[in-house]
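In: quick one, fold the following:
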Amino acid sequence: MAIIVLSGGRFCLEDEVAKALVAATGLTLLDDAAVVGEAARLSGKPESQIWKAFSDSTSVFNKFTMEKEIAIAHMKQVLSNRLTGDSLVIPGYTGLLIPKAVSHTFRTCLVADISYKTRAAVEKYAIPEKEAAVIINRDDRHRAAWTHTLTGSKDPIDPSFFDTAIYMDRQSPSEAAKTIMQHAAQPLFQPSPESRQAVEDFRLAARVETALFGEGHHVDVSATSGDVTLVINRHVLMIKQLEDELRATVEKIDGVKSVAVEAGKNFHKSQVYRKHDFGSPSRVLLVDDEREFAQTLSERLMIRDVGAAVAPNGREALSLIERDPPEVMVIDLKMPDISGMELLKKVKRTWSEIEVVVLTGHGSDADRETCLNMGAFAYLQKPVEIEELNKMIHQAHRKIQALEQASGPKMP
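Out: All right, here's what the predicted structure looks like:
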């Protein structure tokens, strides 16, 4: 029988329709939680980090950590492995990862008007309608962002993604399941040699992509019957060296017959391709009201494989930390809204695991002693040699890693 993919959101009773399908057909349920859990195990990342891939808010550190792309690559690997076995019902976000070429997939969009979704949210969570509207809006934003990430379209119910649409305000979950089964039983959606090969191509491309991320490389990957194509979408200074590195990694993977490396449409853009060193500090936050200085410092650190985002003042830094905490901060003392001393105090009181390096041109010996007593990792005076700052950030990062290893893996 066809693999059945359901999309529409919690408040179009996606889960209820999936359960009805499983009960009626004996198909295996593969929901987002199962995919995320297995992707976390494969990648060694916490589940909470994998879940963030679905969010409409991307981390400011993502261009250094590639967390979202790595999460998606590992979810592709999980999903492609499962497609070779059981007949599946796949509700939620992850079904959109399945390539169109896997034609024995029946893709269903569950839709409903806002009043129906509001009633469903009120009943599900026992909350007032205003709160329900907030939750529905957030859910819709996440789905639109996920769709845009994978397809370039911001419309999560774009008809080109689906084989049918079912209006949930007109039928019950069991009736919807019956309708889906009737459509999915058509010969058009049954496995064929071509669609089974498409699954194998999906599996191979996923394995190649995760292997390349393991070596610090991010390129677009496709596969056709063992022939792998890698597309580079950033400008490369030493293209031959990069090609050799990519080939050396990919050619070792079982099932690869050939490797082609191509320049993509963004190859000539100004952003330069860099191999990622995921062992280096990649969640560093620079806080300094001298914007040009902070931006230049960020760029100089990036050359040294340190990923550093910039906040222009203490207030913005605190707002960012609440949403997306860094591992290491480098802060100035003299800032207009919240002083560096006050910022250090707030950070160490609320996020004690963040290591803070004070970098200032306005301090004194007394300030140095005060900052270190408040928990600062180090106190440096401007102007500072970039290698000295780089060394201090790496030392702080190593301390964090040692503490994490001693305490064991984080719970999601």
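In: please count neighbours and contacts with C-alpha atoms only from this point.
Out: Noted.
In: before we move on, what SS does Phe278 have?
Out: Assigned by DSSP: H, G, I helix; E, B strand; the rest coil, the conformation of Phe278 is coil.
In: and stretch 385-395, what's its mean pLDDT?
Out: Here stretch 385-395 scores 97 as its mean pLDDT.
In: adjust the sequence numbering to begin at 756 for everything that follows.
Out: All set: I'll call the first residue 756, so the last point we hit is now stretch 1140-1150.
In: mind listing what's buried in that stretch?
Out: In terms of neighbour count (16 or more other Cα atoms under 10 Å), stretch 1140-1150 has its buried residues at Leu1144, Asn1145, Met1147, Ile1148, His1149, Gln1150.
In: again, but for stretch 1154-1161
Out: Buried residues in stretch 1154-1161 (16+ other Cα under 10 Å): Ile1155.
In: and it, C-alpha only, in CSV?
Out: Below are the C-alpha coordinates for stretch 1154-1161, written out as CSV (Å, rounded to 0.1, in the frame of the first residue of the first chain):
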residue,chain,number,x,y,z
LYS,A,1154,36.1,24.4,30.2
ILE,A,1155,32.4,24.2,29.1
GLN,A,1156,33.0,21.0,27.1
ALA,A,1157,34.8,19.4,30.1
LEU,A,1158,31.9,20.3,32.4
GLU,A,1159,29.4,18.9,29.9
GLN,A,1160,31.3,15.6,29.5
ALA,A,1161,31.6,15.3,33.3
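In: and that stretch, average pLDDT?
Out: In this model, stretch 1154-1161 has an average pLDDT of 88.
In: what does stretch 851-861 give?
Out: Stretch 851-861 comes out at a mean pLDDT of 96.
In: other residues contacting that stretch?
Out: 756-760, 831, 834-835, 902, 905, 917-918, 939, 943-947, 950-951, 953-954, 957 (Cα atoms under 8 Å, 6 or more residues apart in numbering).
In: for Thr873, state which of the buried residues of stretch 1140-1150 is nearest.
Out: Nearest to Thr873 among those, counting by Cα to Cα, is Ile1148 at 48.4 Å.
In: could you verify my assumption that that closest one touches Val1083?
Out: Yes - counting by Cα atoms under 8 Å, Val1083 is a contact partner of Ile1148 at 7.0 Å.
In: shared neighbours of the two, anything?
Out: Common neighbours of Ile1148 and Val1083, counting by Cα under 8 Å, 6+ apart, are Val1112.
In: quick one: contacts for Ala828?
Out: For Ala828, the contacting residues are Ala961, Glu964, Thr965, by Cα under 8 Å, 6+ apart.
In: how far does stretch 1110-1120 sit from its chain's centre?
Out: 34 Å (Cα atoms, centre = their mean, to the nearest Å).
In: still on that earlier bit, buried members of the contacts of stretch 851-861 into ChimeraX, please.
Out: Buried residues within those, by 16+ other Cα under 10 Å, are selected in ChimeraX with:
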select :756,757,758,759,760,831,834,835,902,917,939,944,945,946,950,951,953,954,957
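In: return the subset of the contacts of stretch 851-861 lying in helices.
Out: Lys831, Leu834, Ser835, Thr902, Leu905, Ala939, Ser950, Arg951, Ala953, Val954, Phe957 (DSSP state H).
In: Ser835 is in contact with the last one, correct?
Out: Yes - taking Cα under 8 Å as the contact criterion, Phe957 and Ser835 are neighbours in contact, 6.1 Å apart.
In: now, the contacts of Ala828 that are in helices?
Out: Per DSSP H, these map to helices at Ala961, Glu964, Thr965.
In: what segments of the stretch 906-1055 of the chain are strands?
Out: All strands of the stretch 906-1055 of the chain, identified by DSSP state E, counting those that start in this stretch, fall at 919-922, 975-979, 982-987, 1013-1018, 1039-1042.
In: output the contacting helices and strands for the first one.
Out: Meaning strand 919-922. Helices and strands touching strand 919-922, by 3 or more Cα pairs under 8 Å, 6 or more residues apart in numbering; DSSP states H and E, are strand 860-866.
In: try 10 Å this time
Out: Packing partners of strand 919-922 (3 or more Cα pairs under 10 Å, 6 or more residues apart in numbering; DSSP states H and E): strand 860-866, helix 928-939.
In: OK, contacts around Asp1009?
Out: By Cα atoms under 10 Å, 6 or more residues apart in numbering, Asp1009 lies in contact with Leu959, Arg962, Val963, Gly981.
In: how far off centre is the helix or strand where Glu771 lies?
Out: Using DSSP states H and E, Glu771 sits within helix 769-780. What separates the centre of helix 769-780 from the centre of its chain is 28 Å, taken as Cα atoms, centre = their mean.
In: again, but for stretch 1149-1166
Out: Distance, centroid of stretch 1149-1166 to centroid of chain: 22 Å (Cα atoms, centre = their mean).
In: run through who's touching that stretch.
Out: Applying Cα under 10 Å, 6+ apart, the contact partners of stretch 1149-1166 are 799-803, 1034-1039, 1061, 1082-1084, 1108-1112, 1132-1133, 1143-1144, 1146-1148.
In: which of the residues you listed are buried?
Out: Buried members of those, scored by 16+ other Cα under 10 Å, are 800-802, 1035-1039, 1061, 1082-1084, 1108-1112, 1132-1133, 1144, 1147-1148.
In: export the ones in helices among the contacts of Ala828 to JSON lines and tack on distance to Ile1093, neighbour count and pLDDT?
Out: Output for these, formatted as JSON lines (distance: Cα to Cα, whole Å; neighbours: other Cα atoms under 10 Å; pLDDT from 0 to 100):
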{"residue": "Ala961", "distance to Ile1093": "46", "neighbour count": "25", "pLDDT": "98"}
{"residue": "Glu964", "distance to Ile1093": "44", "neighbour count": "26", "pLDDT": "98"}
{"residue": "Thr965", "distance to Ile1093": "42", "neighbour count": "24", "pLDDT": "97"}
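In: how about CSV for those residues, with distance to Ile869 added?
Out: Below are the ones in helices among the contacts of Ala828 laid out as CSV (distance: Cα to Cα, whole Å):
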residue, distance to Ile869
Ala961, 37
Glu964, 39
Thr965, 39
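In: now, which of the residues you listed sits nearest Ser814?
Out: Checking those against Ser814 with Cα to Cα, the nearest one is Thr965 at 20.3 Å.
In: pretty sure the closest one contacts His973?
Out: Yes - using Cα atoms under 10 Å, Thr965 is in contact with His973, at 9.2 Å.
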